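S.K.: Turn this into a model:
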Amino acid sequence: MDDPSAPEHQPPERSGPGVPVDRAAILLGLFILATVLLLGRIHNGPPPSSTAASVVSTTTTTVAGGSTTTTTAAPATTTTIPKAKSDVPVLVVNASGKTGAAATVTNELQVAGWSVQTPMNATANVSTSAVYYVSGQKAAADAVATTLHLPASAVLPYTTAAPVSTIGTAEVLVVVAPDLATSASAATTTSSGT
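M.R.: Predicted coordinates:
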């Protein structure tokens, strides 16, 4: 039986505020580890293009009582995902001197799924067609050139030397010269004649 003079059994008391801080530090470390592992699983496949940063993040936490916890995160990876055709604004300008050339090429790109803007006339005629791109849109410009059957050498970074007064919000600029105007009108004639 119970002895009334015996001290009542109570659970041991935890002393000091260090215990919850220790648990918090351990939980934080586990959270960071789980996040790193989860992100590694999500990004398991090779990205379209990526740049790995060689920066390692280290966090040191000192808790009450003088103990130290160090957490190290894996190197960060920045991934650039190419935009879909429908997300890349393309402007076509006529620098061929042939009426309707820019409209024909604009229609061809629209049918291929590109997001096209209203075609314009160039500020000057040129002898060779070109596809210009703004920073970060080379892959899109390459794809536009492929759609139009232009060589890779026709793809150039956009500069103010392009024969337009402005490209506005366009990220890819197609300058239609006689070479592209002739092939575009031949393709339109063939497809409308069949």
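S.K.: those helices in the protein, which residues are they?
M.R.: Remark: helices assigned in the chain by DSSP state H are 18-42, 101-111, 138-147, 178-193.
S.K.: Any chance of TSV for the ones you listed, columns mean pLDDT?
M.R.: TSV is the format used below for the helices of the chain (pLDDT from 0 to 100):
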stretch	mean pLDDT
helix 18-42	75
helix 101-111	94
helix 138-147	94
helix 178-193	64
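S.K.: Give me the nearest residue to residue 97, chain neighbours excluded.
M.R.: Using C-beta to C-beta, 6 or more residues apart in numbering and skipping residues adjacent in sequence, the residue nearest residue 97 is residue 125, 4.9 Å away. Any C-beta I mention is one placed from the backbone N, CA and C, and that applies to glycine too.
S.K.: wait, that neighbour sits on residue 101?
M.R.: No. Look at residue 125 against residue 101 with C-beta atoms under 8 Å: they stay out of range, at 10.6 Å.
S.K.: between those two, who's got more neighbours?
M.R.: Legend: neighbour count by other C-beta atoms under 10 Å for residue 125 and residue 101, higher for residue 101 (25 against 16).
S.K.: wait, what's in contact with the closest residue to the more buried one other than its chain neighbours?
M.R.: Using C-beta to C-beta, 6+ apart and skipping residues adjacent in sequence, the residue nearest residue 101 is residue 181, 3.7 Å away. When contacts are counted by C-beta atoms under 8 Å, 6 or more residues apart in numbering, residue 181 is found next to 94, 96, 98, 101, 104, 105.
S.K.: Would you map out the domains in this protein?
M.R.: Per automatic domain parsing, the structural domains of the chain span 18-79, 85-193.
S.K.: and the end-to-end length of stretch 150-158?
M.R.: Stretch 150-158 stretches 17 Å from its first residue to its last (C-alpha to C-alpha, to the nearest Å).
S.K.: mind listing what's buried in it?
M.R.: When burial is assessed from 16 or more other C-beta atoms under 10 Å, stretch 150-158 yields the following buried residues: 150, 154, 155, 156, 158.
S.K.: now swap in stretch 156-168 and tell me
M.R.: In stretch 156-168, residues buried by neighbour count (16+ other C-beta under 10 Å) are 156, 158, 162, 163, 164, 167.
S.K.: quick one: average pLDDT of that stretch?
M.R.: When the per-residue pLDDT values of stretch 156-168 are averaged, the result is 92.
S.K.: try stretch 122-129
M.R.: The average of the pLDDT scores along stretch 122-129 is 94.
S.K.: List the buried residues for that stretch?
M.R.: With burial defined by 16+ other C-beta under 10 Å, the residues of stretch 122-129 counted as buried are 122, 125, 126, 129.
S.K.: What residues does the first one make contact with?
M.R.: The contact partners of residue 122, by C-beta under 8 Å, 6+ apart, come to 93, 94, 95, 163, 164, 175.
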